[in-house]
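1. build me a model:
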Amino acid sequence: LYQILYERVWEIKTLCTQIAAHAKASSDRPAGDPPAAVALALRTVLDTPPERYYDTFLESTERLLASQLELNAYEEQMREMFTTKAYKIFTLDKLVQSACRQLHALVTDPVAQALAGAYQRSLLWDPAYDYK
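-> Numbers count the residues shown, from 1 in each chain. Now for the predicted structure:
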């Protein structure tokens, strides 16, 4: 779960870098007509500059996990920033909840604690040492 969480956050960070680079390259061109989706009021122009998309993503995700932001508002904000590539973000809250459940089980379950202790001891075991 932790690897999946890390990969998704890394993908979003990479995507934010690409979007910011594309926005910077397109801002060098003369301004033309607004995109068709904006002109037809199907999509709004975001207040957040592309350079701040990653920070906004982290802040919004933190607010979602703290129950200060509703899931629908979070999904809409991510969809506005990342368009069709936002689908991987929508399950981040479920991944974090699953990871928290695993950590809780590790802390409270005696069998899990015994297994973790055995694992820690196995890391310290030295095959060259004579344990007799």
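2. looking at the chain, which helix or strand is least sure?
-> Within the chain, no helix or strand scores below helix 36-39, which has a mean of 55 by mean pLDDT, DSSP states H and E.
3. buried stuff in the following helix or strand past it?
-> Of the helices and strands lying after helix 36-39 in sequence (DSSP states H and E), the nearest is helix 53-65. Buried residues in helix 53-65, counted by 16 or more other Cβ atoms under 10 Å: 53, 54, 56, 57, 60, 61, 64. Backbone N, C-alpha and C define where each C-beta goes, glycine included.
4. now helix 53-65, how far from the centre of its chain.
-> Relative to its chain's centre, helix 53-65 lies at 8 Å (Cα atoms, centre = their mean, to the nearest Å).
5. where does the protein dip in pLDDT?
-> Applying pLDDT under 70 to the chain picks out residues 27-46, 126-132.
6. tell me the angle the lengthiest helix in it makes with helix 53-65.
-> Using DSSP state H, we find that the single longest helix of the chain is helix 2-27. On the basis of axes from the mean of the first three to the mean of the last three Cα atoms, to 10 degrees, helix 2-27 is oriented at 140 degrees to helix 53-65.
7. other SSEs contacting helix 2-27?
-> With contacts taken as 3 or more Cβ pairs under 8 Å, 6 or more residues apart in numbering; DSSP states H and E, helix 2-27 sits against helix 53-65, helix 71-82, helix 92-108.
8. how far off centre is stretch 95-108?
-> With Cα atoms, centre = their mean as the basis, stretch 95-108 stands 17 Å off its chain's centre.
9. hmm, who's touching it?
-> Stretch 95-108 has contacts (Cβ atoms under 8 Å, 6 or more residues apart in numbering) with 1, 2, 4, 5, 8, 65, 112, 113, 116.
10. same thing but 7 Å
-> If you take Cβ atoms under 7 Å, 6 or more residues apart in numbering as the criterion, stretch 95-108 is touched by 1, 2, 4, 5, 65, 112, 116.
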